[in-house]
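Student: heads up, no residue letters with this:
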């Protein structure tokens, strides 16, 4: 059924001159080599003119702080913008938006990454943890408590990223000395200059030995 | 950022086929450089081929060499205990690059393909022969503090920003690639190129080819190695000058040496003449100073980066001294 249509619409490199044309013409021929679920679904249901428009967005299943979301997003949406603009989780901050400041640091599948340089459309079925997902009800995470205790911030804008990075820094085994903490926290810039206190907070949590 | 289509490749061959269909398509792996460039509108592909599903993440120790998959993350390689033991220079160079968050995202193949950080390349209001061929070079006669001192041309004085690649160039690595015409291997030192009249080409990879792995032959450079990176702050900054040194020492005599510099050219700058000079000689401060002076032969500054001529020589002396004392 679908393969017959595929043969008729076989695409050559010369005539795939726009994204929309490419999508219309390639059909299941492409879908056999790749797996955009939307494309397979669209071909199967024989939506014709609607297909291209529909494919301007992609479907995404993603779990954020334990909650599952099924969304339609533009491929260009960054994970940072998805969190802030679509899921309204504004705890994760947009600093430079170019991977230079670390304010947007979140955990994806347990690893700290920069959400501003991450395309959400490439995070199918990922488990994301943001600053909002750390506390247990009203009980703050030990790292959040340590930042308050040690004054690990002034304006607070870089703090969510610092805390997410600090937790990962300990989990990765890179918090064995003040020097090592500084090196492995270097991706998080604090323009207020609270670095000394941030290292104090991370050191205390590390030495506390609690499971993070 | 312009919107685009994104498809996920399930095999290297389907990735190559999918990309070959469309000239304006690009592979995406970690995305740490590409997404940034797309946000700045420096590049604007119509289609991205997501290659993260490919089975190219393994680090395998084979007979006579190690094979590192193109999709292995920078942090994965930097922290691999066998890499640290057998290829410590590579581990040091990787750990000196970017931040831990970026190392968790960035891949080995992507690290090789990262574009220059020259500010004229990034600023679409400025001329740049690398971004728009024949538009001119803003850095020549402009702000060129970070620019090249070796191998530059009248068209481009940009530098390749990688640390990892400096170590791989020193360690005689080989790049394995796959394209529509099949597979081939490229010597690491031939992978990146000098700008000449075509600075838009960073490397010798065909636009339809995909890097699948990097191989490093076994060697004796496991102890007296150092990666010295001089930058504007202690961490998380691109190199003004970096030096990768690997010495094979027996009773203070240099049996073999490997040297390469970063931050000084359009490609990792291997110093084979200096390596030959050091071979068979006994370690001394004077020897290292002579080696540094020899290494800087042919270097030239462009104004703001003139300091690199002195800094480069000092960095080589320092890196050799530290490596020899380990």
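Tutor: Structure's in. What do you need? Remember, predicted model here, so these are calculated numbers, not experimental data. Residues are numbered from 1 along each chain as shown, chains lettered A, B, ... in the order given.
Student: for residue A:75, give me its contacts.
Tutor: The contact partners of residue A:75, by C-beta atoms under 8 Å, 6 or more residues apart in numbering or on different chains, come to A:57-58, A:119, A:121, B:3-6, B:48. C-beta here means a position set from N, CA and C on the backbone, and glycine is covered the same way.
Student: ok, now with 7 Å
Tutor: Taking C-beta atoms under 7 Å, 6 or more residues apart in numbering or on different chains, we find residue A:75 in contact with A:58, A:119, A:121, B:3-6.
Student: residue of the stretch 1-150 of chain B nearest chain A, please.
Tutor: Nearest to chain A in the stretch 1-150 of chain B, going by C-beta to the nearest C-beta, is residue B:99, at a distance of 2.4 Å.
Student: cool, the stretch 101-250 of chain B as well?
Tutor: Chain A sits closest to residue B:235 of the stretch 101-250 of chain B, with a gap of 3.6 Å, by C-beta to the nearest C-beta.
Student: where does the residue nearest to that residue when sequence neighbours are not counted sit: helix, strand or coil?
Tutor: Leaving aside its sequence neighbours, residue B:235 sits nearest to residue A:186 (C-beta to C-beta, 6 or more residues apart in numbering or on different chains; 3.6 Å). Classification of residue A:186 using DSSP: H, G, I helix; E, B strand; the rest coil returns coil.
Student: A strand includes the residue of the stretch 101-250 of chain B closest to chain A, no?
Tutor: No. Using three-state DSSP, the assignment for residue B:235 is coil, not a strand.
Student: tally of neighbours for it?
Tutor: By other C-beta atoms under 10 Å in any protein chain shown, 17 other residues sit near residue B:235.
Student: my guess is it contacts residue A:185, does it?
Tutor: No. Judged on C-beta atoms under 7 Å, residue B:235 makes no contact with residue A:185 at a distance of 8.9 Å.
Student: name the residues of the helix or strand hosting residue A:199 that are buried.
Tutor: For residue A:199, the host element (DSSP states H and E) is helix A:195-208. Buried residues in helix A:195-208, counted by 16 or more other C-beta atoms under 10 Å in any protein chain shown: A:195, A:197-206.
Student: touching chain B at all, it?
Tutor: No. Helix A:195-208 does not reach chain B (C-beta under 7 Å from any C-beta of the partner chain); its nearest approach is 11.2 Å.
Student: tell me the mean pLDDT over that helix?
Tutor: Taken as a whole, helix A:195-208 has a mean pLDDT of 98.
Student: secondary structure class for residue A:69?
Tutor: Applying three-state DSSP: residue A:69 is strand.
Student: who touches the nearest residue to it once chain neighbours are set aside in this structure?
Tutor: Excluding its sequence neighbours, the residue lying closest to residue A:69 (C-beta to C-beta, 6+ apart) is residue A:62, at 5.4 Å. By C-beta under 7 Å, 6+ apart, the contact set of residue A:62 is A:69, A:123, A:126, A:128.
Student: can I get the residues you listed in TSV including secondary structure?
Tutor: Rendered in TSV, the data for these read as follows (three-state DSSP):
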residue	secondary structure
A:69	strand
A:123	coil
A:126	coil
A:128	strand
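Student: out of those residues, grab the one that's most surrounded.
Tutor: residue A:128 (27 neighbours).
Student: out of the contacts of residue A:75, which end up buried?
Tutor: A:58, A:119, A:121, B:4-6.
Student: per-residue confidence for residue 3?
Tutor: Going with chain A. We note a pLDDT of 39 for residue A:3 in this prediction.
Student: chain B, not that one
Tutor: Per-residue pLDDT puts residue B:3 at 92.
Student: same question for stretch A:60-75, mean pLDDT?
Tutor: In the prediction, stretch A:60-75 has an average pLDDT of 97.
Student: check stretch B:278-286 too.
Tutor: Mean pLDDT, stretch B:278-286: 98.
Student: okay, buried residues for it please.
Tutor: B:278, B:283.
Student: run through who's touching that stretch.
Tutor: B:249, B:252-254, B:256-257, B:287, B:291, B:324.
Student: nearest to chain A among these?
Tutor: Distance to chain A across those (C-beta to the nearest C-beta) is lowest for residue B:324, with 23.7 Å.
Student: just checking, residue B:114 touches residue B:163?
Tutor: No. Applying C-beta under 7 Å, one finds residue B:114 not in contact with residue B:163, separated by 10.7 Å.
Student: these two: who's more crowded?
Tutor: Between residue B:114 and residue B:163, counted using other C-beta under 10 Å, the more crowded position is residue B:163 (26 against 22).
Student: next up, the contacts around the more buried one.
Tutor: Residues near residue B:163 by C-beta under 7 Å, 6+ apart: B:93-94, B:96-97, B:229, B:239, B:242, B:262.
Student: so, low pLDDT: which residues of the chain?
Tutor: All of this is about chain A. Regions of chain A meeting the criterion pLDDT under 70 cover residues A:1-55.
Student: grab the nearest non-local neighbour of the residue in it that chain B sits nearest to.
Tutor: Nearest residue of chain A to chain B, counting by C-beta to the nearest C-beta: residue A:187, 2.4 Å away. Leaving aside its sequence neighbours, residue A:187 sits nearest to residue B:99 (C-beta to C-beta, 6+ apart; 2.4 Å).
Student: distance of that neighbour from residue B:137?
Tutor: With distances taken as C-beta to C-beta, to the nearest Å, residue B:99 is found 30 Å from residue B:137.
Student: and residue B:35, by the same measure?
Tutor: 26 Å.
Student: cool, residue B:48 as well?
Tutor: Shown here: residue B:48 relative to residue B:137, a distance of 29 Å by C-beta to C-beta.
Student: which parts of the host helix or strand of residue B:321 are buried?
Tutor: Using DSSP H and E, residue B:321 falls within helix B:307-324. Using 16+ other C-beta under 10 Å as the test for burial, helix B:307-324 gives B:308-309, B:311-324.
Student: how far off centre is that helix?
Tutor: Distance of helix B:307-324 from its chain centroid, counting by C-alpha atoms, centre = their mean, to the nearest Å, is 19 Å.
Student: same check on stretch B:211-221?
Tutor: So, by C-alpha atoms, centre = their mean, the centroid of stretch B:211-221 is 14 Å from its chain's centroid.
Student: over to stretch B:315-326?
Tutor: Using C-alpha atoms, centre = their mean, the offset of stretch B:315-326 from its chain centre is 21 Å.
Student: what does it rub up against?
Tutor: Taking C-beta under 7 Å, 6+ apart as the rule, stretch B:315-326 contacts B:223-226, B:228, B:230, B:241, B:243, B:245, B:247, B:249, B:283, B:288-289, B:291-292, B:295.
Student: now the contacts of residue A:75 in CSV, with distance to residue A:109?
Tutor: CSV is the format used below for the contacts of residue A:75 (distance: C-beta to C-beta, whole Å):
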residue, distance to residue A:109
A:58, 19
A:119, 15
A:121, 16
B:3, 26
B:4, 24
B:5, 25
B:6, 19
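Student: how about the residues you listed, which pair is most distant?
Tutor: A:119 and B:5 (12.3 Å; C-beta to C-beta).
Student: picking up where we left off before, which one of the contacts of residue A:62 is nearest residue A:78?
Tutor: residue A:123 (10.1 Å).
Student: residue contacts, that closest one?
Tutor: A:62, A:79, A:108.
Student: give me that answer again for 10 Å
Tutor: A:60-63, A:79, A:82, A:108-109, A:113, A:115 (C-beta atoms under 10 Å, 6 or more residues apart in numbering or on different chains).
Student: swap in residue A:76?
Tutor: By C-beta under 10 Å, 6+ apart, the contact list for residue A:76 reads A:119-121, B:1-4, B:6, B:35, B:38-39, B:48.
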